[in-house]
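Q: take this sequence and fold it.
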Amino acid sequence: MTPQNPPILLIYTGGTIGMIENPETGVLENFSFEQLQKFLPELQLYAFHIDSLQFDPPIDSSDMAPDAWRRLVHIISEQYDRYAGFVILHGTDTMAFTASALSFMLEGLDKPVILTGSQLPIGVLRTDGKENLLTSIEIASARDDNGAPLVPEVSIFFENHLMRGNRTTKINADNFNAFRSFNFPVLAKAGIHIKYNNLRLHPADVHPQLKPHYLLDTNVAILKLFPGIQENVVTGILGIEGLKGVVLETYGSGNAPRKEWFLNCLQRACRSGIVVVNVTQCNAGTVEMERYETGYRLQEVGVVCGYDSTTESAVTKLMFLLGHGYTPEEVRQRMVQSLAGEITL
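A: Down below sits the predicted model:
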């Protein structure tokens, strides 16, 4: 492997980019990566080798789960020394969850892992998949003058923007600009030239060593607040058998009702060992639990500040930490630390 011709591994998991319309039913169905390649003869024009690996059968984005994340980590770990970068074709609906999970599970990552996909199948005339895929491959192969990768982290490339994976969320079901990184600047913009935001990229480690992780605990839940939420709803979620972690989606900068029953429910949950993390329902901004009394009361009963974390990142980070057997207090301590650039402190 040379800096001029770094081989890239393309991993096809499924998703809209690899679908084709059934002529009889009109329903979009998965088809093979070999068929997908027929729509992209440009893949042959790169000056480096591109290998491919396909999930069989392909997985719809809605069916992506921790087992698939483990499978991706295993593939990347097994092939890590053979390739200079990895591009993952993935459905858009859960792409931000997968990207967030991989950012925690691939500790010590020093090579690009770029997730991309499309809103229209690759075989459709106006597809966005073609440019998303070709540019992702180019970014995955990009090196500096010393031969080091320019983007040594997990990211998402979509509609001309490269974004940190654990900072990204899907914001549009219809348009090509499906993803946004509200609380962190984009890592690169693709126009005539690809312009990298070098100050925001993870620095490459001098002596990197990938440490893959596979332990995840999925006993977590999301509790989204809304005006008029009833006590039985809150107690029902917090009383789920085996529950270990909750992402609490609050208002504004981390505010919630001051009703005593609500605070008592949260206090009992925290005292029982459930880790409750406060994230905002707003697209942009951060949780500041000391700013208003409502947020301060949450802090008093044991709720942890999620800062400017996305819900996707908070959920997968909880799964990751709980899976490693930390005590509730240790999980709380690590939730307020940046493990992979997922929060701004």
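Q: distance check, P208 against G129.
A: From P208 across to G129, the span is 31 Å (CB to CB, to the nearest Å). For every residue, glycine as well, the C-beta is placed using N, CA and C.
Q: more neighbours, the two?
A: Using other CB atoms under 10 Å, the more surrounded residue of P208 and G129 is G129, with 25 against 14.
Q: the residue nearest to S309 when sequence neighbours are not counted: what's it in contact with?
A: Excluding its sequence neighbours, the residue lying closest to S309 (CB to CB, 6 or more residues apart in numbering) is I343, at 5.0 Å. By CB atoms under 8 Å, 6 or more residues apart in numbering, I343 lies in contact with G306, Y307, D308, S309, S313, V336.
Q: so the fourth one sits against V279, correct?
A: Yes - taking contact to mean CB atoms under 8 Å, the distance of 5.4 Å between S309 and V279 places them in contact.
Q: rewinding a little: would JSON lines of the contacts of I343 with neighbour count, distance to R143 and pLDDT be doable?
A: Output for the contacts of I343, formatted as JSON lines (neighbours: other CB atoms under 10 Å; distance: CB to CB, whole Å; pLDDT from 0 to 100):
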{"residue": "G306", "neighbour count": "29", "distance to R143": "35", "pLDDT": "97"}
{"residue": "Y307", "neighbour count": "23", "distance to R143": "33", "pLDDT": "97"}
{"residue": "D308", "neighbour count": "21", "distance to R143": "31", "pLDDT": "97"}
{"residue": "S309", "neighbour count": "28", "distance to R143": "31", "pLDDT": "97"}
{"residue": "S313", "neighbour count": "31", "distance to R143": "28", "pLDDT": "98"}
{"residue": "V336", "neighbour count": "14", "distance to R143": "35", "pLDDT": "97"}
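Q: can you tell me which of these is closest to A47?
A: The nearest member of those to A47, counting by CB to CB, is S313 at 35.5 Å.
Q: quick one, phi/psi of that closest one?
A: The phi/psi pair for S313 (degrees, to the nearest 10) reads phi -70, psi -40.
Q: for V87, give me phi and psi.
A: Torsion angles at V87 (phi, psi; degrees, to the nearest 10) stand at phi -120, psi 130.
Q: and it, how many neighbours does it have?
A: Using other CB under 10 Å, V87 has 29 other residues around it.
Q: do the same with H49
A: 12.
Q: and what of W261?
A: Neighbours of W261 under the rule other CB under 10 Å: 12.
Q: burial check on the residue nearest to it when sequence neighbours are not counted, number of neighbours?
A: Counting by CB to CB, 6+ apart, the nearest residue to W261 once its immediate chain neighbours are dropped is E231, at 5.0 Å. Under the neighbour criterion other CB under 10 Å, E231 is assigned a count of 12.
Q: mind listing what E231 touches?
A: Going by CB under 8 Å, 6+ apart, E231 touches W261, F262, C265.
Q: what's near enough to touch the last one?
A: Going back to what we said before, that points to C265. Shown in contact with C265 (CB under 8 Å, 6+ apart): E231, V234, T235, L238.
Q: if you set the cut-off to 6 Å instead, what comes out?
A: C265 is in contact with V234, T235, L238, counting by CB atoms under 6 Å, 6 or more residues apart in numbering.
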